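# Okay, here's the prediction I keep looking at, along with the sequence it came from:
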Amino acid sequence: MKNTILVFSFLLFSTFYLYGQKYLLKNEKIIYSFQTNKGKIMTLCSDKKGKYIIYRFGTKNNIELEYPNNKDKSSWNTFEYSYWLRGGGIENEGIDLNYVAFTIDKNKYVIYNTYFANGEKYATGIKIINLLNKNLINIAGNYKTIKGTLIDFRFDKSIKEGEELYD
């Protein structure tokens, strides 16, 4: 019993420490989240009642980017989900690609979660694509820190379905 309480307390503390009230408000739930390889935090959250969706990125003490500004139903229209799934494992070079994208000014931000059966390659992170010159910045995420999933958007059509694949 003591071990259960200790484990629960640790998980609760680490969740608040990592995501704090800045990254996850009391009325929100995590859709997808991870720490980058450089220790920054990315969260994609929604209001528990589905009133809005929001992206946050930064350090535990400083949110560097929060998007969109409006926390209402219109926020759902600013994001797009695209994916590609090919089963069959290594024999069929199976892949599972998941992307949530949004655009701010001249930059497209792409949250990604990918799996390639050939070589057992898993990856998560954020790609920032300059739409004018096509320069790409890749912010790699630590796969072991993932919370939530992007896959639910395949069935929950809360955000627009896109066609673009980013790998």
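Now that the structure is in, tell me what you want to look at. Residues are numbered from 1 along each chain as shown.

# all contacts plus neighbour counts: C-alpha atoms, from now on.
Fine.

# What segments of this structure are strands?
Applying DSSP state E to the chain gives strands spanning 28-35, 41-47, 53-58, 63-67, 80-86, 95-104, 107-116, 121-130, 136-140, 147-148, 160-161.

# Reformat these as TSV; add distance to residue 154.
Output for these, formatted as TSV (distance: least, CA to CA, whole Å):
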stretch	distance to residue 154
strand 28-35	13
strand 41-47	16
strand 53-58	16
strand 63-67	22
strand 80-86	8
strand 95-104	9
strand 107-116	14
strand 121-130	18
strand 136-140	23
strand 147-148	14
strand 160-161	8
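
# OK, contacts around residue 36?
42, 125, 139, 140, 141, 142 (CA atoms under 8 Å, 6 or more residues apart in numbering).

# so the second one touches residue 140, yeah?
Yes. Taking CA atoms under 8 Å as the definition, residue 125 is a contact partner of residue 140 at 4.4 Å.

# Between these two, point out the one with more neighbours.
Remark: of residue 125 and residue 140, residue 125 carries more neighbours, 22 against 17, as counted by other CA atoms under 10 Å.

# In contact with residue 166, which residues?
residue 99.

# Now with 10 Å, please.
By CA atoms under 10 Å, 6 or more residues apart in numbering, the contact list for residue 166 reads 82, 83, 97, 98, 99, 101, 110, 111, 112, 127, 129.

# For it, what are phi and psi?
phi -110, psi 20 (degrees, to the nearest 10).

# Identify the residue nearest residue 164 in space, chain neighbours excluded?
Leaving out its chain neighbours, the residue that sits closest to residue 164 by CA to CA, 6 or more residues apart in numbering is residue 82, at 6.4 Å.

# In contact with the one you found: list those residues for me.
Contacts of residue 82 (CA under 10 Å, 6+ apart): 97-101, 112, 150-151, 153-154, 160-166.

# what do you get for residue 150?
Taking CA under 10 Å, 6+ apart, we find residue 150 in contact with 31-33, 44, 81-83, 97-100, 111-113.

# Could you identify which of the residues you listed has the most neighbours?
Neighbour max across the contacts of residue 150 (other CA under 10 Å) = residue 99, 28 neighbours.

# ok, now how distant is the nearest residue to that residue once chain neighbours are set aside from residue 153?
Nearest residue to residue 99, sequence neighbours excluded (CA to CA, 6+ apart): residue 112, at 4.6 Å. Look at residue 112 and residue 153: by CA to CA, to the nearest Å, they are 13 Å apart.

# Thank you, goodbye.
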